[in-house]
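Visitor: Just a sequence and a predicted model for now, questions to come.
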Amino acid sequence: MKYALLTKIGGELIEASKADYQDYYGFLKCPVCNEPVFLRKGHLRNGKEIQASFAHHRAVPEISTCELRVGNYSKEDIEVFAAKARNQRLQKLNISMWKYMKTNISVNFSGYEQIRNRAKGNTTFGYLLDYGDECLLNNNDLIVDEFISVFSKMLRNQGDYITIIKERLGMLNQFLNDLTSDWELHEKITKEAAELFLSPPMKEIRYRVLTVLCYPDNMQLLNRDLVKLNMQTEAWQKLFSNYLNQQICLILLSVNWIKLLA
């Protein structure tokens, strides 16, 4: 069979040629009979290339029917499975978004409560949070449709524009190694999480994230000009918007969604 259901992320259809046996062991099922299946990796046989495929562990009467039906899946069939899996993931994300985002390895949210208490009643900081939320919402489509993919490549390559504090570089390398075979799927789920995060019901969660990102001590760690330039200038506004876009993308990309949603 060309496809199997990866049950640990809501039932996403996984193509055999893109699957990793070690990561998916115990989570693969036949989309038709729901029996466990295993991955047969691609290999050469008598000089002929045999493509990777999924097979049932034991002989069940439905096997021939299963393989025939799964082999004939259309693009529309695959999209139906993807939509069901997405809905299941969004239900979990909607309930636990803040808890999940706190597991990211780009920004430390452990000091959120202290920062919030220090910032209470500070009108300038309140303005900064409102302006920050406005910037994110204005860039909603760009973040989901373009920036996530751009920063995804930068993160994997650890490009010069990726600003992660040195203390977390070891964690980043381990994170990237863990998701080597799953990165395409990880990026897809990150975009789903970003779309939800930037939706109206998530305003409180965005403010929690912005409380940490907009705190002057934290901004200065990554870009000193953010606390030196006049906030009313166009230069500062552009710098601030770019800073938020990058940090939000990195936060979302550095959460192991696949592990959390398993």
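Guide: Cool, the structure landed.

Visitor: for residue 231, helix, strand, or coil?
Guide: Assigned by DSSP: H, G, I helix; E, B strand; the rest coil, the conformation of residue 231 is coil.

Visitor: where does it land on pLDDT?
Guide: Looking at residue 231, its pLDDT is 80.

Visitor: Tell me which helix or strand in the protein has the weakest average pLDDT.
Guide: Between all helices and strands in the chain, the lowest mean by mean pLDDT, DSSP states H and E belongs to helix 21-24, at a mean of 60.

Visitor: what about the residue nearest to residue 29 when sequence neighbours are not counted, neighbour count?
Guide: Spatial nearest neighbour of residue 29, excluding adjacent residues (Cβ to Cβ, 6 or more residues apart in numbering): residue 5 at 4.7 Å. For every residue, glycine as well, the C-beta is placed using N, CA and C. Using other Cβ atoms under 10 Å, residue 5 has 23 other residues around it.

Visitor: Point me to the helix or strand that includes residue 5.
Guide: Assigned by DSSP states H and E, residue 5 falls within strand 3-6.

Visitor: What are the buried residues along that strand?
Guide: Buried positions in strand 3-6, judged by neighbour count with 16 or more other Cβ atoms under 10 Å: 3, 4, 5, 6.

Visitor: how much space is there between the residue of the chain most remote from its centre and residue 16?
Guide: The outermost residue of the chain, judged against the average C-alpha position, is residue 46 (41.3 Å), by Cα atoms, centre = their mean. Using Cβ to Cβ, to the nearest Å, residue 46 is found at 21 Å from residue 16.

Visitor: Next, residue 53: phi, psi?
Guide: The phi/psi pair for residue 53 (degrees, to the nearest 10) reads phi -150, psi 170.

Visitor: ok, now which ones touch it?
Guide: Counting by Cβ atoms under 8 Å, 6 or more residues apart in numbering, residue 53 makes contact with 1, 2, 16, 39, 40.

Visitor: Name the nearest of those residues relative to residue 76.
Guide: Proximity of the contacts of residue 53 to residue 76 was ranked by Cβ to Cβ; the top entry is residue 2 with 15.6 Å.

Visitor: Quick check: chain neighbours aside, which residue is closest to the closest one?
Guide: Counting by Cβ to Cβ, 6+ apart, residue 16 is the residue found nearest to residue 2 once chain neighbours are left out, at 5.8 Å.

Visitor: What's the local residue count around the one you found?
Guide: For residue 16, the neighbour count with other Cβ under 10 Å is 20.

Visitor: Correct me if wrong: it contacts residue 38.
Guide: No: taking Cβ atoms under 8 Å as the definition, residue 16 is not a contact partner of residue 38, at 10.4 Å.

Visitor: what sits against residue 57?
Guide: Going by Cβ under 8 Å, 6+ apart, the list of residues near residue 57 reads 35, 36, 37, 38.

Visitor: So for the first one, what's the pLDDT?
Guide: Which is residue 35. pLDDT, read off for residue 35, is 84.

Visitor: okay, now it: neighbour count?
Guide: Residue 35: 14 neighbours (other Cβ under 10 Å).

Visitor: Same check on residue 78?
Guide: With other Cβ under 10 Å as criterion, residue 78 counts 15.

Visitor: for it, helix, strand, or coil?
Guide: Here residue 78 is helix, with the state taken from three-state DSSP.
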